[in-house]
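Trainee: Task: produce atomic coordinates for the following.
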Amino acid sequence: MSFRTGGIAVLAAVSLKSQTALTAKVAQLKKKIMDKHYSLALLVQELYVDRYPVLYKPSLSLYVSNGRMHLISVTRPFDKLQTIIPLLILTSILIACLWAVFITIGTESIRPTMDIRIWAWFFLIVLTSCGICIYYLWLVKGRQPSIFWGNEMLQLELDLKKSTLQLYRIQNQDPTTLDALILLGLKIFVWTGYLFTPMGSLILMVIGVDPTFYIVNYLMNSSPLTTLLLRTFTFNNAILLDSVILVARFVSVTVALYEGERVLFIVLGSVYIIIYTADTIVGLLQKTVHINRRRIQIGLFHRHIKLYVMLQLAVQAVEDIVKVTLSMGIVACMVVLVTMTFVSIRLRHLLPGYLLVFPIFTGVFSFFLGKTLLTKTGGIYKSIVGLLRSFRAVGIMRGMRRSVKQGYVRDVRRLSKLKIPIGIGSAVFATVNQNTNVGLTRLFVEITVNALILF
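Mentor: Numbers count the residues shown, from 1 in each chain. Alright, predicted model coming up:
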């Protein structure tokens, strides 16, 4: 009996050790992945700027020097023209989809809510509208402050990491498996879009979702002059005419998809890194306060207050842009979830099995991506509240001389909580707080369920 008990104990110990080793390896892998979160931005830079299939490039660039990543403004040849080309392409996508919707509804007896083409075009209309607004706000109207403060925050994060790691090693909060999977998923989406967009164009043309098909047919049927010009250009050769139209449609759809993907990935990558960087900076500021507690007590360290004021200035400089961006992001996320869920459930019989995987995967990934970003944003709010409390901690205030304490209390009282509004223009719908994640997640689920019931 004792031999059996001993054997069971040995097996349990071996099993526990194996599980502990596996857990440690998984934690190490997740940390390694999350430590390279800036690789997402560098990947988008490499594929959609440096090696972009079309020659024009955005007016900003990332580069790494001496272990530091820098965000800089770049003046391209014909800079103003290259800056507005993406806006023109996105606007063309918006007009083409709207035109295709009106043509289809006006010439075919269909039920719009049960037509997959209408859902696809509605999906593109909303996303391109949001993309136009966000691109204009960040890269046209607010390019200089966005790039300046973005670079300042990158350098601040690196400086704080360096100082805190050298002086005091505190274990960072372990990244969750979901965080690591989201980062890997974003990289997979970037590579998939870059490599397989031409194939996606062909699929859209084959299944009849390409809006240019309906626009070309409408123009040729309603405008004899257009038909005459096209036939003259192709020497009255029907095969040549069909080939020219097919190639023109393929090129226009491919260019439009590439440009839409580039704006989408730049926006997603920027939002992801902004949230991650803000969360990291606030956490490192708390470490800085803890490390320099004694110097704060004797009045020799005020850098934590200066850095917090710097964060306030950064938020105020881009507050209007962030406010509209958050509103557009919520609308876009809502449309993605509703469209992908509706197509996957109610219109699944209209898609072949290999294509049905895309809306299912996109809907699930979008939900978890949105939830992760909202959770991190709410966590930033909690961290800011904790950071301000650490400024006024009893352990710091108790050890101060009266003269030092009076000046320190006066400086700290001037600091206010960072507020991140959600709204448009002068209207503010809400402010980001610890309940934003729960409220918006409930809203997304309710709207998705109501869409399934209503249609």
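Trainee: which one is residue 248 nearest to, not counting chain neighbours?
Mentor: Using C-beta to C-beta, 6 or more residues apart in numbering and skipping residues adjacent in sequence, the residue nearest residue 248 is residue 212, 7.9 Å away. C-beta: built from backbone N, CA, C; applies to glycine.
Trainee: roughly how far is the host helix or strand of the one you found from the heart of the chain?
Mentor: For residue 212, the host element (DSSP states H and E) is helix 211-222. Relative to its parent chain, helix 211-222 has a centroid offset of 35 Å by C-alpha atoms, centre = their mean, to the nearest Å.
Trainee: I'd guess residue 430 is in a strand, am I close?
Mentor: Yes: the assignment for residue 430, made by DSSP: H, G, I helix; E, B strand; the rest coil, places it in a strand.
Trainee: That one: what's it in contact with?
Mentor: 421, 422, 423, 436 (C-beta atoms under 8 Å, 6 or more residues apart in numbering).
Trainee: and which of those residues is nearest residue 181?
Mentor: residue 436 (22.2 Å; C-beta to C-beta).
Trainee: Flag every buried residue along the helix holding residue 212.
Mentor: Under the neighbour-count criterion of 16 or more other C-beta atoms under 10 Å, helix 211-222 has 211, 212, 213, 214, 215, 216, 218 buried.
Trainee: same question, stretch 359-368
Mentor: For stretch 359-368, the neighbour count (16+ other C-beta under 10 Å) marks 359, 362, 363, 365, 366, 367 as buried.
Trainee: tell me which element the fifth one falls in.
Mentor: When elements are assigned from DSSP H and E, residue 366 belongs to helix 353-391.
Trainee: name the helices or strands packed onto that helix?
Mentor: Counting contacts by 3 or more C-beta pairs under 8 Å, 6 or more residues apart in numbering; DSSP states H and E, helix 353-391 packs against helix 177-207, helix 238-291, helix 303-317, helix 319-345, helix 436-454.
Trainee: hey, which of those is tucked in deepest?
Mentor: Ranked by mean neighbour count, the helices and strands packed on helix 353-391 are led by helix 319-345 with a mean of 20 (mean count of other C-beta atoms under 10 Å).
Trainee: Show me what the mean pLDDT comes to for that helix.
Mentor: The average pLDDT within helix 319-345 is 87.
Trainee: tilt between it and helix 303-317?
Mentor: 70 degrees (axes from the mean of the first three to the mean of the last three C-alpha atoms, to 10 degrees).
Trainee: list the helices and strands helix 319-345 packs on?
Mentor: Applying 3+ C-beta pairs under 8 Å, 6+ apart, one finds that helix 319-345 contacts helix 116-135, helix 353-391, strand 421-424, helix 436-454.
Trainee: Can you lay out those as JSON lines showing mean pLDDT?
Mentor: Shown next, in JSON lines, are these (pLDDT from 0 to 100):
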{"stretch": "helix 116-135", "mean pLDDT": "91"}
{"stretch": "helix 353-391", "mean pLDDT": "82"}
{"stretch": "strand 421-424", "mean pLDDT": "84"}
{"stretch": "helix 436-454", "mean pLDDT": "85"}
